[in-house]
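Asker: Fold the following for me, if possible:
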Amino acid sequence: MSFAPSSSPSSSVPARSARSARPSPRPPERRSPPVVPGRLAAAVVVLAAVWTLVQVLLAVCAGLVPADRQGLVTASVATSAYGVATLALTAVQVAAWVVTGIWIQHCQRFAGVCGLGRLADRGGPWAWFAWVLPGISFWFPFQIVRDLLHRVRGRARSRAQAELVGWWWCCVVLMAVAGNRSLLAMAGLPRHEQAVMLGHETALTLLTGLAAWLWIVIVRAVTRSQRELLAVLSARAAA
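Answerer: Next up is the predicted model:
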């Protein structure tokens, strides 16, 4: 008589439970398609235009501010309007900083999805902090914008725009220097003299207008290149 091992139902329970405990294979994750941040780019352009308009308003108010016999500014409606315009300009500058940081991060994400890699120069959180930290704010934003052009257009195609980035950044640095009112006192110029205020705001308006025009050209070039790149990738995927 032979005794064969009995295959009782209880012996198959551990095997079934072991098979059921194994994690089921997950389907491959689909990569989200690249999205051109066109609306953010439009917001950046609009804020640059609004910044320029408010600066023009400041120059106009500076010209309308009355002065006494010694040339010093006196209280008036134009003086109050000048103060309000100064506060409005600060609000526009903060909004431009926020929207520009978001736009750069979306451009960075677009480059990553398209296989262009992340920003080589000052990527990641530098999209925000590079504009406001003392010292490095005089150089890091230029590197970020220049590298952004190189990523979406290639170094050969972006040479002309790279020169525009250099001129734009020169205007921005001059704006930062000219906008520092403490330098007027260091230069021995009275800040409350109407002629000095008008010349100061006029110089800032010219620099702001030129910087805004160059910045709009750069942002539109980046957006146009992103759309061209997306069209090429879509055509390759459909082929």
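Asker: C-alpha only now, for contacts and for neighbours.
Answerer: Will do.
Asker: Could I get the average pLDDT for stretch 111-125?
Answerer: Throughout stretch 111-125, pLDDT has a mean value of 67.
Asker: how far does that stretch stretch from start to finish?
Answerer: End-to-end distance of stretch 111-125 (CA to CA, to the nearest Å): 16 Å.
Asker: mind listing the helices for this protein?
Answerer: Secondary structure of the chain, counting by DSSP state H: helices at 9-21, 38-64, 77-113, 126-129, 140-153, 159-178, 182-186, 194-238.
Asker: What is the fifth one packed up against?
Answerer: Okay, so that is helix 140-153. The contact analysis (3 or more CA pairs under 8 Å, 6 or more residues apart in numbering; DSSP states H and E) places helix 140-153 against helix 77-113, helix 126-129, helix 159-178, helix 194-238.
Asker: Between helix 140-153 and the last one, find me the angle.
Answerer: Relative orientation of helix 194-238 with respect to helix 140-153: 30 degrees, computed using axes from the mean of the first three to the mean of the last three CA atoms, to 10 degrees.
Asker: remind me which residues of the protein are low pLDDT?
Answerer: 1-32, 65-79, 116-123, 154-161, 181-196, 239 (pLDDT under 70).
Asker: redo that, cut-off 80
Answerer: The model of the chain has pLDDT under 80 over residues 1-34, 62-80, 112-126, 151-162, 178-200, 233-239.
Asker: Distance to R146 and mean neighbour count added to the helices and strands packed on helix 140-153, as CSV?
Answerer: Output for the helices and strands packed on helix 140-153, formatted as CSV (distance: least, CA to CA, whole Å; neighbours: other CA atoms under 10 Å):
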stretch, distance to R146, mean neighbour count
helix 77-113, 12, 18
helix 126-129, 13, 19
helix 159-178, 6, 17
helix 194-238, 10, 18
